[in-house]
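>>> here's a sequence, model it:
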Amino acid sequence: MTKSALPPPPRGTIPVRVGLEVDLESLKGYLVGKVPGILPEFNLEARQFNHGQSNPTYLLTQRQSEVTRHWVLRKKPPGKLLPSAHQIEREYAIFKALYTTRVPVPIVYCLCEDSSVIGTPFFVMQYVQGRMFKHPGLPTIKTAGERYAIYQAMVQVLVDLHAVDINDSGLSHFKKKTKPGDPVRSYAERQLRRWTKQFNASRTGDESKEMDNLIENLNKTLPKDSAMFAQCLVHGDFRIDNLIFHPTEPRVLAVLDWELSTVGHPLSDVAYLCMPYYLPTVKGTPVQGLQGVELKGSGIPTESQILRSYVNNFQSPIVENMLAHLDYHLALSFFRMAGIAQGVYKRSKQGNASSKYASLFGQFVGYTAKLGNQVLSERVSRSLPKDCMGIDGEGSPGYNLPTFKFSSRFYKLRKKLLGFMQEYIYPNERVVFAHHKKLAEEKGSRWVVPPLVEKLKVEAKKQGLWNLFLTKNKHHSFDQGLTNVEYAVLCEILGRVPWLAPEVTNCAAPDTGNMEVLALYGTKEQQEKWLVPLMEGKIHSAFAMTEPRVASSDATNIQTTITPTKHGYVINGHKWWTSGAMDPRCKVIILMGKVDRSGQAKKLHPYMQQSMILIPMDAPGVTVKRPLHVFGYDDAPHGHAEMVFRNVKVPKENMLLGEGMGFQIAQGRLGPGRIHHCMRLIGMAERALEMLVHRTHLRVAFKKTLSQHGGMRENIAKCRIEIDQCRLLVLQAADMIDRVGNKKARKQVAMIKVAAPSMACTVIDRAIQAYGGMGVCQDTILAYLWAQARTLRLADGPDEVHMRTIARIEAKQQRAKL
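Residues are numbered from 1 along each chain as shown. Sure, this is the predicted structure:
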């Protein structure tokens, strides 16, 4: 091939800069036999990547007989270097460790620590061809949809990185070991000390005073609480221009530039990712920010949306309240950036910088330090951006509500609840699971409660997000002032994390239904003994109705006996699916059975035979046979029990409302408490739809993203239609309960109890289909959501019973028209 026929050099490369030349013959001699594809009989060529300010990076090329091969070499710069900087060896170890994880990295071939080969240590890795975006505004991308997908892919990679098991990946030696007698310091404190030393070593005599002010402010405001001690593998310089994307797909092929990686706080990476929102774009320099860029309609998420996406997809159980002190980490990131810029500026004065822009970095130091000081001076009690704290916006839960009447208190509570979910619930979803798993291993039992759950309850109670389910009711004085329609909207928000949010706000079943029963039908003594501690969250309860030997959907089949004695009652029976009974905090059970006075029960009307009675969990004769699993989930520590009641004695005052009043109580419980599950199912379905849309924008099949395929678009459209239909049906049922009462709303209640679980199962199933194998395993919440939704087609009464009720009422209403 003649010289004129040679292909043009790859984009993003330039001739090797003066002072950064490499002895290619010596290099080739070393690499032959170590790097696949390098042959001794062909010359090795090198060009330098013009991207990056730290370690010089080269594109190695060998034009062989019929093919041209490429590799990438990364080396330390020549000259005197700052302590612990330019850690080529560290980068190589990370690339090697991460190759078997979900974090996309190039294959590394060899590490050379012998400086005699080309002057400094280096390693060689795979050349990954793809797109690199220098500007976070993505001006070269034509559509908003693709910009959105690129940012979501970037966030997903960060989530995957923070989920890496440090021990399993062989990187446990990255953990900071504290010497005996030394204080235990957080990652932020160690970074502050390290970069202060680096900056002092890089002083040139003309640096900005803003840096000295920032160092002082960071030391003064350094948080010391447990939230600062989260640990995971962090990148250290995570930004869009350190990622290589697929040539045509919104998919990250490789994450580069790992020299600052360590075991540290996840927010250090999150904060680094958010820095462009505070930076301008300075033409002719590598300073590329989003200040002044119109984000609306561009597809580029706001800082708030980046945080939401990160938190909602976060999988690694690290520490509670992980978003605390985001502002401090952001200021620390500006400090680090300024420190790095100072080092680049000093190298430019020494003549060994790898970038032509290096001399401009001196003025950038003061600018970024000033931003860090501004962030610290504007700190607020919450570290989330204002538009991330539950503010209304298109797509937020309960946005654009139908024209029901809502009180000002409702709007305040809704805003507060959205913020609470974002700040305390989503970040702690997996943390709670991890804490429970660890505690269960320590105690040797699954039926233990993580202390974090109780901490979250304290916060919810402090914010007034407590017992919201007790809606307005003229028959008792325990209501919290909301209508059922208002609570329906709030309950939907809670349903987005059904295993945690209802629990920590004291709005979880079966406690909610049991509290309603006690509020409506309990005596003053029963309320003082059981209702008050339940409302305070000090105890939990269970509801025992279903029996294994009969079709319990027909309550007249119940066989458990409640036999009157001189001093009270004796209960004998066999129950299962007694939800809540496995919880160590469960102190009382409401049981449904038949009162038999000398064989007279059968002579009574079928609906006058059942009674409900209070049984203390520790009463002699109460036995838990086993926990029951729901599609393999044990729902610990809540749980569902199979139980035996053998000669259980309780006093007369434990009877609720009176003998034979079980059906009347059940009808009262059929109202608000029985549609709470439907409300939560709307939230579950909304979350599944969010995940479905997110997935379809990121995955490519048959050369198109899933969102571009007609069948998937149809599924998304159906999900939206079905969710909105069910939401309106739920609100209609709640509104009827508010206006005309439970009895007249029976048809609407039955309708939604058929429609909501079925709709949720369908929506979640579509999301699972989009996720493929990932959708049915433990890596997403979809499998658990589906198990919950499918169970509610039975737990809240089988569809067939509700449709029987609907048909009977409908027929009666139609006859009345004749």
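
>>> so where's the longest helix in this protein?
With residue count as the measure and DSSP state H as the assignment, the chain has helix 710-740 as its longest helix.

>>> so which helix or strand takes in residue 472?
For residue 472, there is no helix or strand it lies in under DSSP states H and E.

>>> from residue 688, how far off is the closest residue to it other than its chain neighbours?
The spatially closest residue to residue 472, leaving aside those adjacent along the chain, is residue 479, at 5.0 Å (C-beta to C-beta, 6 or more residues apart in numbering). Every residue, glycine included, has its C-beta placed from N, CA and C. In this structure, residue 479 and residue 688 are 32 Å apart, going by C-beta to C-beta, to the nearest Å.

>>> the more surrounded of those two?
Between residue 479 and residue 688, counted using other C-beta atoms under 10 Å, residue 688 has the larger neighbour count: 30 against 16.

>>> the residue nearest to residue 472 against residue 467, yeah?
No. Residue 479 is not in contact with residue 467 according to C-beta atoms under 8 Å; the separation is 9.1 Å.

>>> ok, the nearest residue to residue 68 once chain neighbours are set aside - contacts?
Among residues not flanking residue 68 along the chain, residue 61 sits closest, at 6.4 Å (C-beta to C-beta, 6+ apart). When contacts are counted by C-beta atoms under 8 Å, 6 or more residues apart in numbering, residue 61 touches 44, 45, 46, 47, 68, 69, 70.

>>> residue 61 bridge partners, please.
On DSSP bridges, the residues paired with residue 61 through beta bridges are residue 45, residue 70.

>>> what residue is smack in the middle of this structure?
residue 312 (3.1 Å; C-alpha atoms, centre = their mean).

>>> what's that residue in contact with, if anything?
The neighbourhood of residue 312, defined by C-beta under 8 Å, 6+ apart, consists of 426, 690.

>>> switch the cut-off to 6 Å
The neighbourhood of residue 312, defined by C-beta atoms under 6 Å, 6 or more residues apart in numbering, consists of residue 426.

>>> element containing it?
helix 303-313.

>>> kindly report the same for residue 759.
With DSSP H and E as criterion, residue 759 is part of helix 746-771.

>>> for that helix, packing partners?
With contacts taken as 3 or more C-beta pairs under 6 Å, 6 or more residues apart in numbering; DSSP states H and E, helix 746-771 sits against helix 672-698, helix 710-740, helix 782-795, helix 799-817.

>>> before we move on, back to that, how far away is the residue nearest to residue 472 from residue 281?
Per C-beta to C-beta, residue 479 is found 55 Å from residue 281.

>>> quick one: the helix or strand of the chain with the lowest mean pLDDT to helix 746-771, angle?
Every helix and strand in the chain was compared by mean pLDDT, DSSP states H and E; the lowest is helix 662-669, with a mean of 80. Compare the direction of helix 662-669 with that of helix 746-771 by axes from the mean of the first three to the mean of the last three C-alpha atoms, to 10 degrees and you get 60 degrees.

>>> packing partners of helix 662-669?
Counting by 3+ C-beta pairs under 6 Å, 6+ apart, the elements that helix 662-669 packs against turn out to be helix 511-521, strand 610-616.

>>> for that helix, which positions count as buried?
Taking 16 or more other C-beta atoms under 10 Å as the basis for neighbour counts, the residues of helix 662-669 that come out buried are 662, 663, 664, 665, 666, 668, 669.

>>> which one of those is nearest residue 376?
For residue 376, the nearest member of the buried residues of helix 662-669 is residue 669. The distance, counting by C-beta to C-beta, is 53.2 Å.

>>> sorry, back to before: average pLDDT for the helix holding residue 759?
Predicted confidence along helix 746-771 averages 95 (mean pLDDT).

>>> what is the orientation angle of that helix with helix 672-698?
Taking the same axes, to 10 degrees, one finds helix 746-771 and helix 672-698 inclined to each other by 20 degrees.

>>> follow-up on the earlier one: how far is the helix holding residue 312 from where the chain is centred?
Taking the mean C-alpha point of helix 303-313 and that of its whole chain, the gap between them comes to 9 Å (C-alpha atoms, centre = their mean, to the nearest Å).

>>> got the angle for that helix vs helix 672-698?
With the same axes, to 10 degrees as the criterion, the two stretches helix 303-313 and helix 672-698 enclose an angle of 110 degrees.
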